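S.K.: build me a structure from this.
(chains A and B)
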Amino acid sequence: MSEYSGSLAETSLSLTRHLDQEFEGRVAECSRLAFRIAYGVLRHREDAEDVAQETLTKAYRNFAKLRDHNRFRAWLVRIAWRLALDLKRAGQRRTRRETSPDVMGGHQISTDDLVSQERSTRLWRAIDSLPEKLRIVTVLAGIEEHDIREVALLLDLPEGTVKSRLFLARQRLKDLLQ
Amino acid sequence: MNDERLKREIEESLAVEPSAQFMARVRRHLENESSRPSKQVSWTAMAAGFAAAAIVGGIVLFESFMTAQTTRIVHEPRPNVEILLPPSANTHPSPAMAPKAVSSQTRFHSSEPEVVIDPREAAAFQSFMEDMREQKIDAASLENLFQAAESVEAAEIAPLPIAGLEPIDIKPLNPAVTERGESL
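M.R.: Predicted coordinates for the structure are as follows:
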């Protein structure tokens, strides 16, 4: 009996170790993605880091429950997006914009910087006004390495749907920014 | 603003790298987290153990309670049920047989339906039993009475004689008289 329980414990331990190793590899690969998604919602570096950390912790806790490990990135995107939205809605922190003068560290701000800052503020205000379905597509497509196929994989949607949503989102953004 | 420019602007504003400490912080947090599952498991096991113990305890308590209830029902003496008699039902001359006033304390309140007996019948039965006890009624004569009753039941009842009624003969009317229209 004790032998059996001993071997069971050993198997469980080795399984946990294997999962830990696999997760370790994925953390290195996906932590930046989680951060950028959170940043796309919050536009605040520290908040986005907190959300990314929480996302990875949550993913670590439930990694063993994930049936298809190939869907890890899509799963992580959903967790990060939800957590970032929750934080934004809860308003737990006053979201200071990365481009605010305080954050610029007291550097001299040129007119170009001010114009760029103003344009960015307007752009994100427009993105925030989009419906959630269009917003997530816009943010994911805005993360540099993501093409339509990748976005479709991450959102578990057909490519055609992503393409049409992206088109619609850009049309609306153009209307809003003009 | 064209699509390309819009796309480029979004990409530029999202091209933010996390701080240098971010990865270290995440790893440290995950290491702390990895030492936690054993505690979680033990906590879960403890909770499951407590739940199981509570269930077993509950079952044992319930069974002992049910056994005690059954024993009490079996050994409980039958309450002394007295029959209420109205003052008008004083059918027996003996004062000992007079109906007693039953206080509300002596009433038997049970969940069983109350059997309603006619007070006169009850008084008669009580009187009969009392007489039997005091041997006022001879048991032998009772026996004879029962036997006589049985023999009466067994006796053949003679059939009644068939009523001998004469048949009534009704004579027909005279048709000739009625055709002519004469009075009868």
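
S.K.: quick one: name the residues of chain A near chain B.
M.R.: For chain A, the contact set with chain B under CB under 8 Å from any CB of the partner chain comprises A:16, A:20, A:23, A:27-28, A:31-32, A:35-36, A:39-40, A:43, A:45, A:48-49, A:52-53, A:56-57, A:60-61, A:98, A:119-120, A:123-124, A:127, A:138-139, A:141-144, A:170, A:173-174, A:177-178. C-beta here means a position set from N, CA and C on the backbone, and glycine is covered the same way.

S.K.: which of those count as buried?
M.R.: Neighbour-count burial (16 or more other CB atoms under 10 Å in any protein chain shown) is assigned, among the residues of chain A next to chain B, to A:23, A:27, A:31-32, A:35-36, A:39-40, A:43, A:45, A:48-49, A:52-53, A:56-57, A:60, A:98, A:120, A:123-124, A:127, A:138-139, A:141-143, A:170, A:173.

S.K.: now intersect these with the helices, please.
M.R.: Among those, DSSP state H puts A:23, A:27, A:31-32, A:35-36, A:39-40, A:45, A:48-49, A:52-53, A:56-57, A:60, A:120, A:123-124, A:127, A:138-139, A:141-142, A:170, A:173 in helices.

S.K.: with adjacent residues omitted, what lies nearest to residue B:128?
M.R.: Among residues not flanking residue B:128 along the chain, residue B:137 sits closest, at 7.5 Å (CB to CB, 6 or more residues apart in numbering or on different chains).

S.K.: and the pLDDT for that neighbour?
M.R.: Residue B:137 is assigned 82 on the pLDDT scale.

S.K.: can you check residue A:74 too?
M.R.: 89.

S.K.: also the one 5 residues further on?
M.R.: What the model reports for residue A:79 is a pLDDT of 92.

S.K.: element containing it?
M.R.: According to DSSP states H and E, residue A:79 maps onto helix A:72-90.

S.K.: then residue B:173?
M.R.: Counting by DSSP H and E, there is no helix or strand that carries residue B:173.

S.K.: same question, residue B:68
M.R.: Residue B:68 is part of helix B:37-75, with elements assigned from DSSP H and E.

S.K.: helix or strand right after that helix?
M.R.: Next along from helix B:37-75, by DSSP H and E: helix B:119-133.

S.K.: for that following helix, what is the average pLDDT?
M.R.: 90.

S.K.: show me what contacts residue 133?
M.R.: The chain I'm using is chain A. residue A:165 (CB atoms under 8 Å, 6 or more residues apart in numbering or on different chains).

S.K.: chain B was what I was after
M.R.: Residue B:133 neighbours (CB under 8 Å, 6+ apart): none.

S.K.: so how far is residue B:22 from it?
M.R.: 105 Å (CB to CB, to the nearest Å).

S.K.: low-confidence ranges in chain A?
M.R.: A:1-19, A:92-109 (pLDDT under 70).

S.K.: in it, which residue sits nearest chain B?
M.R.: Nearest to chain B in chain A, going by CB to the nearest CB, is residue A:142, at a distance of 3.7 Å.

S.K.: right, and that residue touches residue A:39 too?
M.R.: No - judged on CB atoms under 8 Å, residue A:142 makes no contact with residue A:39 at a distance of 10.5 Å.

S.K.: show me the common contact partners of the two, please.
M.R.: In contact with both residue A:142 and residue A:39: residue B:14, using CB under 8 Å, 6+ apart.

S.K.: where does chain B come near chain A, residue by residue?
M.R.: So chain B meets chain A at B:1, B:3, B:6-7, B:9-11, B:13-19, B:22-23, B:25-27, B:29-30, B:33-34, B:37 (CB under 8 Å from any CB).
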